[in-house]
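1. Dropping the sequence and predicted coords here.
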Amino acid sequence: MNAPANPSKLIKGATGDWEIVVGMEIHAQVSSRSKLFSGASTDFGGDPNSHVSLVDAAMPGMLPVINEECIKQAVRTGIGLKAQINHRSTFDRKNYFYPDLPQGYQISQYKSPIVGEGQVIVDVTPTEQITVGIERLHLEQDAGKSLHDQSPTDSFVDLNRSGVALMEIVSKPDIRSAEEARAYVTKLRTILRYLGTCDGNMEQGSLRADVNVSVRRPGEGLGTRCEIKNVNSIRFIGQAVEVEARRQIGILEDGGSIDQETRLFDPARGETRSMRSKEEAHDYRYFPDPDLLPLEFDEAFVEDLARDLPELPDEKKARFMRDYGIASYDAGVLVAERASADFYEAVAKGRDAKMAANWVINELFGRLNKEGHDIVSSPVSADQLGAIVDLISEGVISGKIAKDLFEIVWTEGGDPRELVETRGMKQVTDTGAIEAAVDAIIAANPDKVAQAQAKPTMLGWFVGQVMKQTGGKANPQSVNDLLKRKLGI
Amino acid sequence: MSVDQATVRRIAHLARIAVSPEEVPHLQQELNAILSFVEELSEVDVEGVEPMTSVVPMKMVWRADAVTDHAGAEVVVANAPTSEDNFFVVPKVVE
């Protein structure tokens, strides 16, 4: 936390350099069929109050009973964060009043959370890696949803989300820039999605971040922080950190001081503003929930869950680098989504793995991004892309023709091998045919021949002509060799 | 331990209980009586004793992850003073 400031991360102010310090609380909705303490559905987007049990509505006499799967999901996540798993944790009531909180308190874990300290390794750039400490992870209930735009005088409350299980994942203040903040959330989301413990869908609110931002002079202690609530996209998280840090620096450089408060990020105006104008400091009066006994399990329970976990992104990345010999950054791109990694492996299996990586990342991902597809809806399957890679490796088509072939498979589909046959895309390896083309070009351009003999870089012009004449299908290496021999260069 | 009148007003506010100025001295007295009664417990030495969470030696019950319960939107909002399209309707809570 008090490691020396990295000069490249500092922000220039009017009176000198400043360091940004960020810690985050991520609220991740647990993937489960039913709620944390009731048997109501967690499905997104139901009719108002249609996924609500009398427990979620806090009717008198209703008692919470914990959902086993939510416990397992929290433990799985803890293992994925290389964190300490607490075999005994307890639930507390966090008391506050709001219309979408019918109980008048949120059941959360205050004193002893289910998961303790862990860490996340984050690739910030192709060459920079940081480790962000995890302070804790605890289970808690989500609140309902209030709509304020349905009427000028009233708010409308829907309790469908009330009682849905959330994991609050609290980081240490180890983040030093907007870029690091974005990279941290991206990585955390990848881990959760690999584990299958949260779908990571930020549009639907399955993943939200409270971002704590403060600034300080390099080497000084922590400054006063402001908490920016409920930021719901990775891009906005970066923007919020940036504008909030600038706001605080502005105040401090003008001789002011920062009030510790809760703020809201307004993406439309690119600013943060105070959320609670006159409210007193929070006093949640936590106390142990008398309706719930301590949550206890043994090491065998944890080991069973650990055994069934999938390969996680860091391990997969290391394996890709080791087994396929691809670069760290490429491996990182491939493992960012499990579906992408699976796709790549299907293409790379038994083939030139580096060429496969190149085609998956540059041609396929590039095209998918451009057209707004994800890997699951890719028009080109792993088998088709694999066949294209095979055709190049076998020397049947050139790299250039392969791009044309990819284009045909993308737009029309079909078996690449058949397409190459039926559309006459095969590389001409028959030296006789290439030689004829070479001879014709040389005969037709005596002036260029003289130039090329004086200046060998002119060879490229001849190669271009031969390729044109053969419809791009001549083997470029043969063309080169033949030309050099015939021109005597 | 005892509470002053400001604390009484603050606790009432946090619990959203309307307390008139005339009631405060009486409530303060009552709360302090309760606190001094409970204070007797501090005479017991509990050093190294784990807090008791239940009087019966039982484990927390876990349920399987299945959708087993939904009251129905009409039932959920049945007691609401105001509802519309099965939403609860409350006085506006944002400025």
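-> In hand now; what should we look at?
2. C-alpha only now, for contacts and for neighbours.
-> Will do.
3. so what's the residue in chain A positioned nearest to chain B up against?
-> Nearest to chain B in chain A, going by C-alpha to the nearest C-alpha, is residue A:154, at a distance of 4.1 Å. For residue A:154, the contact set (C-alpha atoms under 8 Å, 6 or more residues apart in numbering or on different chains) comprises A:148, B:89, B:90, B:91, B:92, B:93.
4. Equivalent analysis for residue A:99, please.
-> A:146, A:157, B:90.
5. Nearest to residue A:397 among the residues you listed?
-> Minimum distance to residue A:397 across the contacts of residue A:99 is 60.0 Å, recorded for residue A:146 (C-alpha to C-alpha).
6. Now the residue of chain A closest to chain B. Nearest residue, chain neighbours left out?
-> residue B:92 (4.1 Å; C-alpha to C-alpha, 6 or more residues apart in numbering or on different chains).
7. neighbours of that neighbour, just the number please.
-> 17 (other C-alpha atoms under 10 Å in any protein chain shown).
8. Could you pull up the residues touching residue B:59?
-> By C-alpha under 8 Å, 6+ apart, the contact set of residue B:59 is A:293, A:294, A:296.
9. Tell me, what's the model's pLDDT at the residue in chain B that chain A sits nearest to?
-> Going by C-alpha to the nearest C-alpha, chain A is nearest to residue B:92 of chain B, at 4.1 Å. pLDDT, residue B:92: 90.
10. Surely it touches residue A:157?
-> No. In this structure residue B:92 lies outside contact range of residue A:157 using C-alpha atoms under 8 Å: 10.5 Å.
11. quick check: longest helix of the chain.
-> Picking chain A for this. The longest helix of chain A (DSSP state H) is helix A:234-253.
12. meant chain B, my bad for not saying
-> The longest helix of chain B (DSSP H) is helix B:23-39.
13. which other helices and strands contact that helix?
-> helix B:5-14 (3 or more C-alpha pairs under 8 Å, 6 or more residues apart in numbering or on different chains; DSSP states H and E).
14. can you give me the angle the helix it packs on makes with helix B:23-39?
-> Helix B:5-14 runs at 100 degrees relative to helix B:23-39, counting by axes from the mean of the first three to the mean of the last three C-alpha atoms, to 10 degrees.
15. Outside of helix B:5-14 itself, list whatever touches it.
-> A:96, A:283, B:18, B:19, B:24, B:25, B:27, B:28.
16. now stretch A:287-305
-> Here stretch A:287-305 has contacts from A:63-65, A:72, A:75-76, A:87-94, A:107, B:53-54, B:59-60, using C-alpha under 8 Å, 6+ apart.
17. Pull up the distance across it, start to finish.
-> End-to-end distance of stretch A:287-305 (C-alpha to C-alpha, to the nearest Å): 31 Å.
18. what's the spacing between that stretch and its chain's center?
-> Its chain's C-alpha centre and that of stretch A:287-305 lie 31 Å apart, by C-alpha atoms, centre = their mean, to the nearest Å.
19. Check which residues of that stretch are buried.
-> By 16 or more other C-alpha atoms under 10 Å in any protein chain shown, the buried positions in stretch A:287-305 come out as A:288, A:289, A:292, A:293, A:294, A:295, A:302.
20. so where is chain B shaky, pLDDT-wise?
-> B:95 (pLDDT under 70).
21. let's see 80
-> B:1, B:51-56, B:70, B:94-95 (pLDDT under 80).
22. Residue numbers of chain A in contact with chain B?
-> For chain A, the residues in contact with chain B (C-alpha under 8 Å from any C-alpha of the partner chain) are A:32-34, A:38-41, A:48-54, A:57, A:65-69, A:96-97, A:99, A:148, A:152-158, A:283, A:290, A:292-296.
23. Try it again at 7 Å.
-> Chain A comes close to chain B at residues A:32-34, A:39-41, A:48-54, A:57, A:65-69, A:148, A:153-158, A:293-295, as judged by C-alpha under 7 Å from any C-alpha of the partner chain.
24. Appreciated, that's everything.
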